[in-house]
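> quick one: sequence plus predicted model below, questions after.
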Amino acid sequence: MADQSKRLETNIDGELFVDSTCVGCEVCVIDAPKFFKMTDPTFHLTTIEEGSVITITDEESKLLFGKAYVYYQPTSDIETNELRDTMLICPSDSIGENKTNAK
Ligand code: SF4
């Protein structure tokens with residue numbers, strides 16, 4: 001079961017989330033592209049190269065690069081049910097729902 005305490009910062013606010021146990025297989029992105037995307041490491045590297053104040057540690061890098069994240073939250077029961085199927089096929093059980101986090 002996905003762990004809310006390991007929720008990735010890259011997820012947008014809302015009940016659906018990917019946690020840090022994601023192994024980056026991209027299955028959720030292929031199955032439900034409306035809701036999931038993969039992190040783009042070039043964004044972070046470019047930011048660092050430009051001397052931005054945004055820096056990341058090695059540990060943060062391991063947590064963020066090559067993982068999926070939620071960029072669109074379900075807004076109907078139909079969408080929520082579609083996502084339940086996607087949650088079942090995640091090989092690392094990294095996709096979760098937190099009803100208390102819904103907005
Ligand atoms: S299906 Fe699971 S392990 Fe694969 S990218 Fe999505 S969240 Fe990560």
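Yes, it's here.
> so which bits of the protein are right by the ligand?
Residues of the chain that fall close to the ligand, judged by Cβ under 6 Å from any ligand atom: 18, 22-28, 67-68, 90-92, 94-95. Any C-beta I mention is one placed from the backbone N, CA and C, and that applies to glycine too.
> can you select the buried ones among those residues for me in PyMOL?
Buried residues among the residues of the chain next to the ligand (16 or more other Cβ atoms under 10 Å), as a PyMOL selection:
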select buried, resi 18+22+25+27+28+67+68+90+94+95
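> which pLDDT value goes with residue 52?
Confidence at residue 52, expressed as pLDDT, is 52.
> give the contact list for the residue most central in space within the chain.
Residue closest to the average C-alpha location in the chain (Cα atoms, centre = their mean): residue 69, at 1.8 Å. Taking Cβ atoms under 8 Å, 6 or more residues apart in numbering, we find residue 69 in contact with 8, 10, 11, 12, 18, 36, 37, 38, 39.
> now do 7 Å
8, 10, 11, 18, 37, 39 (Cβ atoms under 7 Å, 6 or more residues apart in numbering).
> can I get these in JSON lines including pLDDT and secondary structure?
Shown next, in JSON lines, are the contacts of residue 69 (pLDDT from 0 to 100; DSSP: H, G, I helix; E, B strand; the rest coil):
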{"residue": "8", "pLDDT": "91", "secondary structure": "coil"}
{"residue": "10", "pLDDT": "88", "secondary structure": "coil"}
{"residue": "11", "pLDDT": "93", "secondary structure": "coil"}
{"residue": "18", "pLDDT": "96", "secondary structure": "strand"}
{"residue": "37", "pLDDT": "92", "secondary structure": "strand"}
{"residue": "39", "pLDDT": "82", "secondary structure": "coil"}
